[in-house]
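Peer 1: A structural model of the following input is requested.
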Amino acid sequence: MELRARLHDGRPFLFSWMGIPGAQLAGQLARAGLDGVALDLQHGLIGMDQANLMADAINAAGKPVITRVLWNDPGLIGQALDFGSAVVIAPMINSVAQAEALVKAAKYPPVGQRSWGGYAMVQAAGKSAADYLKDANHDTLVFAMIETQEALDLVGEIAAVPGLDGLFVGPSDLSIALSKGAELNRTSAANLVAMKKICDVCHNHKLVAGAFAGTPEIINQYYKMGYTFMAAVTDNDVLKLGVAAAFDLKAI
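Peer 2: Residues are numbered from 1 along each chain as shown. You can find the predicted model right below:
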């Protein structure tokens with residue numbers, strides 16, 4: 001099933017979240033049973049020199065590459081798509097203008113103004129250059145992160161931006177914003193109310209509702225709300241949980 005159809009079929013789409021650089025680790029996580037692998041180029045330790053090799057390993061394993069770019073910058077978005085990302089997530093989208101700029105950078109004309117170049121993405125797609133160009137706006141998806149009070153206030157207007165494929169909640173930053181810096185709590189009462197609003201807006205605009213979850217309990221909580229596209233576990237947590245399970249230790 002193609003990725004877009006899969007993301008709209010109502011089933012949970014769970015992916016690992018990587019901040020540790022390394023193509024071998026990326027390939028192993030891609031084969032570990034989840035639906036995809038995300039590369040965190042904003043808060044992780046992954047640079048562009050590592051990201052392209054990690055993307056190759058993930059694509060070789062037959063899983064989609066999801067990349068959170070460092071910032072809503074057309075050069076960074078174009079690079080992420082050019083090295084074979086199927087999904088790009090841009091942080092801190094706080095206005096309609098920023099959402100429009102994101103779409104402009106990620107989509108080819110007539111939807112946007114993505115620049116053509118590089119062929120890793122063509123190879124990853126297994127298509128000719130002409131077919132990649134024809135299908136790219138449909139096959140590559142772009143998510144705007146909602147993680148501030150400003151974004152929450154404008155979420156309906158942001159969701160209505162043509163060419164946007166989904167919204168992705170950063171619940172940690174959202175909780176900090178809503179509590180005015182008092183707490184970091186992905187499942188605080190205020191967060192859950194805000195996230196329900198965001199999810200409803202997504203469904204009203206036929207967008208994919210995504211969020212960083214991180215634990216089975218939070219995944220279930222968000223899924224009941226209507227979220228389907230979720231970061232299930234980080235690479236660091238996989239390592240800690242694996243050691244804990246292997247040696248019957250309490251996971252930290």
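Peer 1: what does the model give Gln113 for pLDDT?
Peer 2: Each residue has a pLDDT score; the one for Gln113 is 98.
Peer 1: what's in contact with stretch 218-232?
Peer 2: Where contact means CB atoms under 8 Å, 6 or more residues apart in numbering, the residues beyond stretch 218-232 that reach it are 7, 10-17, 34, 38, 143, 166, 168-169, 186-187, 192, 195-196, 199-200, 202-203, 208-214, 216. In this view, the C-beta of every residue, glycine as well, is placed from N, C-alpha and C.
Peer 1: Go again with 6 Å.
Peer 2: 7, 12-14, 17, 34, 38, 196, 199, 208-213 (CB atoms under 6 Å, 6 or more residues apart in numbering).
Peer 1: Just the buried subset of those, please.
Peer 2: Listed as buried from these are 7, 13-14, 17, 34, 38, 199, 208-213; burial here means 16 or more other CB atoms under 10 Å.
Peer 1: what's the model's confidence in the helix or strand harbouring Ala177, averaged?
Peer 2: According to DSSP states H and E, Ala177 maps onto helix 171-178. Averaging pLDDT along helix 171-178 yields 98.
Peer 1: With stretch 96-107 instead?
Peer 2: Stretch 96-107 comes out with an average pLDDT of 98.
Peer 1: before we move on, the earlier item: which ones among the buried ones among the contacts of stretch 218-232 are found in strands?
Peer 2: Those of the buried ones among the contacts of stretch 218-232 mapping onto strands are 13-14, 17, 38, 208-212, per DSSP state E.
Peer 1: Please name the residues that touch the residue nearest to the spatial centre of the chain.
Peer 2: Against the mean C-alpha coordinate of the chain, by CA atoms, centre = their mean, the closest residue is Ile89 at 4.5 Å. Contact partners of Ile89, counting by CB under 6 Å, 6+ apart, are 68, 143, 168.
Peer 1: quick one: pLDDT of it?
Peer 2: 99.
Peer 1: Next secondary structure after the strand or helix carrying it?
Peer 2: Following DSSP H and E, the helix or strand that holds Ile89 is strand 87-90. From strand 87-90 onward toward the C-terminus, using DSSP H and E, the following helix or strand is helix 96-106.
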